[in-house]
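Chemist: With the input below, show me the fold.
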Amino acid sequence: MKTFYRYPKIAIVMLVAAAVLFAGCTSDTSANPGGQAAPAPAAATGTASGSATLPYGVSLTVPADWTREDVLTSDVRDYGTRTIRIAQFTSPVTIPGDAASQNTLSVDLDQNPGGDFEVYFNQATLALEKSYSTQLDSHSIVRSSTLQISGFKSYEVDFQTAEVKGSYIFTSTDKGMYIFAFKGPAKPVPIQALQAQIVGIHKSIRITP
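Modeler: Numbers count the residues shown, from 1 in each chain. This is a model prediction of the structure:
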């Protein structure tokens, strides 16, 4: 069941793109009378991808030109919970000459999330509202349907403020809550660059806690 909440300062809408974002990619051979599958299209960024194996049983594939930092520190995040930051990946600049035009992916773990996933997710969404309360003039927070990440139940919150665009996935396992937080500047070029890569990264995530 989909559950949507409304907050006084937030316009909540359904994540229409969720079905597209996580739909499988298939080859259409109907346009190829020879019976051979058409060649796969090149990646939108033109950049090869590389597999990354992280601590705490996480592996995923990211663009090869993203840099990796193994953090392994504990802190309170913008979604209101103290977690271990397993690693952070950072893209190259997406706008030449603009050092702030990088996108990031942070991989976090909350080892003691409690037993109620829905409560945890709702509290995280409220915490994000509070974290970005100074940027709420033109923004929206979008809550999607239930997802499956590596076979585990997951929820996604997709938000955009005047300055920040984020897409956070919360994945509940018997070893804790994994949070995959994509974030970047709310500018058309960085947003388009991240959207061109995010589907493949999501699909590549494997968790073996």
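
Chemist: show me what contacts residue 85?
Modeler: 71-75, 77, 106-108 (CB atoms under 8 Å, 6 or more residues apart in numbering). Bear in mind the C-beta positions are built from the backbone N, C-alpha and C, glycine included.

Chemist: out of everything not next to it in sequence, what's closest to it?
Modeler: residue 71 (4.1 Å; CB to CB, 6 or more residues apart in numbering).

Chemist: And for residue 77?
Modeler: Nearest residue to residue 77, sequence neighbours excluded (CB to CB, 6+ apart): residue 83, at 5.7 Å.

Chemist: Where does the one you found fall, secondary structure wise?
Modeler: In this assignment (DSSP states H and E), residue 83 forms part of strand 82-90.

Chemist: just to revisit the earlier point, ranking the contacts of residue 85 by neighbours, who comes first?
Modeler: residue 108 (26 neighbours; other CB atoms under 10 Å).

Chemist: Spatially nearest residue to residue 158, not counting backbone neighbours?
Modeler: residue 142 (4.4 Å).

Chemist: Which pLDDT value does the model give the one you found?
Modeler: Note on residue 142: pLDDT of 74.

Chemist: who's it bridged to?
Modeler: As for beta bridges, residue 142 partners with residue 13, residue 158 under DSSP bridges.

Chemist: thought it was touching residue 159?
Modeler: Yes - with contact defined as CB atoms under 8 Å, residue 142 reaches residue 159; the gap is 6.8 Å.

Chemist: Neighbours of residue 189, how many?
Modeler: 15.

Chemist: got the angle for the one helix or strand it maps to vs strand 82-90?
Modeler: For residue 189, the element it lies in under DSSP H and E is helix 188-204. With axes from the mean of the first three to the mean of the last three CA atoms, to 10 degrees defining the directions, helix 188-204 sits at 110 degrees from strand 82-90.

Chemist: about what we covered before: can you tell me how far the residue nearest to residue 158 is from residue 167?
Modeler: Residue 142 is 9 Å from residue 167, where distance means CB to CB, to the nearest Å.

Chemist: Between those two, tell me which one has more neighbours.
Modeler: When neighbours are counted by other CB under 10 Å, residue 167 comes out ahead of the other of residue 142 and residue 167, with 23 against 20.

Chemist: what is the mean pLDDT for the helix or strand hosting the more buried one?
Modeler: In this assignment (DSSP H and E), residue 167 forms part of strand 164-173. In this model, strand 164-173 has an average pLDDT of 95.

Chemist: which stretches of this protein form helices?
Modeler: 18-21, 117-131, 188-204 (DSSP state H).

Chemist: And those, which one averages the lowest pLDDT?
Modeler: Looking at these, the weakest mean confidence is helix 18-21, a mean of 34.

Chemist: Please put the alpha-carbon coordinates of stretch 177-191 into PDB.
Modeler: The C-alpha coordinates for stretch 177-191 follow below in PDB (Å, rounded to 0.1, in the frame of the first residue of the first chain):
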ATOM      1  CA  MET A 177      19.000   0.000   7.600                       C
ATOM      2  CA  TYR A 178      21.100   0.800   4.500                       C
ATOM      3  CA  ILE A 179      20.700   4.400   3.100                       C
ATOM      4  CA  PHE A 180      21.800   5.200  -0.400                       C
ATOM      5  CA  ALA A 181      21.800   9.000  -0.700                       C
ATOM      6  CA  PHE A 182      22.200  10.600  -4.100                       C
ATOM      7  CA  LYS A 183      22.500  14.400  -3.900                       C
ATOM      8  CA  GLY A 184      23.700  17.300  -6.100                       C
ATOM      9  CA  PRO A 185      23.000  20.900  -6.900                       C
ATOM     10  CA  ALA A 186      19.500  21.700  -8.200                       C
ATOM     11  CA  LYS A 187      20.700  22.800 -11.600                       C
ATOM     12  CA  PRO A 188      19.500  21.300 -14.900                       C
ATOM     13  CA  VAL A 189      22.900  20.000 -16.000                       C
ATOM     14  CA  PRO A 190      23.900  18.100 -12.800                       C
ATOM     15  CA  ILE A 191      20.300  16.800 -12.400                       C
END
